[in-house]
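Novice: 3D, please:
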Amino acid sequence: MTQTLVRPRTPVEPPRTPPKRKRHRDPGRFVRLHLPLALYLVFTLIPFYWMVVFALRPAGETALVPWPVTFEHFDTVWNGIGFGLFFRNSLVIALGTLVVVTVFALMGGYALARFRFRGQRVFLLALLCTQFVPGAMLLIPLFVIFKSAGLLNSLTGLVVADTAFQLPLALILMSGFVRNVPVELEEAAMVDGCTRLRAFFAVTLPQLRPALVAVGSFAFIGAWNNFLFALMFASRQDKFTLPVGLSYALGEFNTDFGALAAGGVVAAVPVVLVFAVVQRFLVQGLSAGAVKG
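Specialist: Residues are numbered from 1 along each chain as shown. All right, here's what the predicted structure looks like:
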């Protein structure tokens, strides 16, 4: 009988994990990165801090910390000066501009991104050139047009003016967002039997949610902070917006800084809340529109 030699199995060594690299702390990183950012943050927040201090500090006090806290300045601007009405006017104008700009930018941006027509580049160049035109140069022609159309001293006229000023940039941004969505997705949906309109609503529009948030946020903030058009096209006090109301809070011989600061807080809170809510979608939308597909 022949004997078969069985070689002993060599133990299989477990895979070696690469040694973890020790992070070397760079002592100069704090000086190069964190210290300039901290100084910039302090430089940015100091005006807001003083605005809140003046709004919450009793009149005649000079303390750096508002104590005791008082809300008399907010009562003065909201009920005395009429900031409640100004707030409502600004909100109506900003929301109206947001809706109109977003709808027209969505339609126009889709057309610019998906179709080719004669004079397309010239049209895009004209849209870009409108961003170099100061808003003050549009006052006289817009005033003549609004006077003929009966849009002076109306919130509708201010929505139209803000839309005309915000729409060119919104079209440029939205066209970049739509180009980032692959056209093959729409073509596949149309092969399956969808019309172009149904393919747009079923495939493209869900991909454009961050873009809609980004464009709508810019339109809302631009209309909310617009001072020039509201000052020139609305002379009645019941049509004033918050920026115009703040300007009228400055007296000729004296100024109530507490009431003025309280009005600034009232005007700034909606903007801060909007950015806090849509920050994630805003960054995602801007990064998507910045990449050419």
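
Novice: Show me the shaky parts of this structure.
Specialist: For the chain, the stretches with pLDDT under 70 are 1-31, 62, 251-254, 281-293.

Novice: burial of Glu72, as a residue count?
Specialist: 13 (other Cβ atoms under 10 Å). C-beta coordinates here come from the backbone N, C-alpha and C atoms, glycine included.

Novice: and it, what is it in contact with?
Specialist: Residues counted as contacts of Glu72 (Cβ atoms under 8 Å, 6 or more residues apart in numbering) are Pro58, Ala59, Gly258.

Novice: any idea which of those is the one closest to Val92?
Specialist: Closest approach to Val92 among these (Cβ to Cβ): Gly258, at 27.7 Å.

Novice: residues in contact with that closest one?
Specialist: Applying Cβ under 8 Å, 6+ apart to Gly258 gives the contacts Phe54, Ala55, Arg57, Ala59, Glu72, His73, Thr76.

Novice: Tell me where this protein has helices.
Specialist: 27-29, 35-56, 72-75, 83-114, 120-129, 139-149, 155-179, 183-191, 196-199, 205-207, 209-225, 228-233, 242-248, 257-289 (DSSP state H).

Novice: Of all the ones you listed, which one comes closest to Val65?
Specialist: Taking Cβ to Cβ, helix 35-56 is the member of these nearest to Val65, at 7.5 Å.

Novice: In that closest one, which residues are buried?
Specialist: For helix 35-56, a neighbour-count test (16 or more other Cβ atoms under 10 Å) marks Met51, Val52, Val53, Phe54, Ala55, Leu56 as buried.

Novice: Over to stretch 201-209?
Specialist: Buried residues in stretch 201-209, counted by 16+ other Cβ under 10 Å: Val203, Thr204, Leu208.

Novice: isn't the last one right next to Asn180, touching?
Specialist: In other words, Leu208. No: using Cβ atoms under 8 Å, Leu208 makes no contact with Asn180, being 9.2 Å away.

Novice: didn't Phe87 look like it was pressed against Val269?
Specialist: No: using Cβ under 8 Å, Phe87 is not in contact with Val269; the gap is 9.9 Å.

Novice: Show me the one of the helices of the chain that comes nearest Ala63.
Specialist: Of all the helices of the chain, helix 35-56 comes closest under Cβ to Cβ, at 8.2 Å.

Novice: tilt between the closest one and helix 257-289?
Specialist: With axes from the mean of the first three to the mean of the last three Cα atoms, to 10 degrees applied, the angle from helix 35-56 to helix 257-289 works out at 140 degrees.

Novice: by contact count, what packs against helix 35-56?
Specialist: helix 72-75, helix 257-289 (3 or more Cβ pairs under 8 Å, 6 or more residues apart in numbering; DSSP states H and E).

Novice: TSV for those, including distance to Ile140?
Specialist: Listed next are the helices and strands packed on helix 35-56 as TSV, based on distance: least, Cβ to Cβ, whole Å:
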stretch	distance to Ile140
helix 72-75	38
helix 257-289	28
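
Novice: so which of these gets nearest Asn225?
Specialist: Asn225 sits nearest to helix 257-289 of all the helices and strands packed on helix 35-56, at 7.5 Å, using Cβ to Cβ.

Novice: how many neighbours does Val265 have?
Specialist: Using other Cβ under 10 Å, Val265 has 18 neighbouring residues.

Novice: cool, and the one 10 residues further on?
Specialist: Around Phe275 there are 12 other residues, counting by other Cβ under 10 Å.

Novice: cool, and Ala189?
Specialist: 18.

Novice: how much space between it and Val266?
Specialist: 47 Å (Cβ to Cβ, to the nearest Å).
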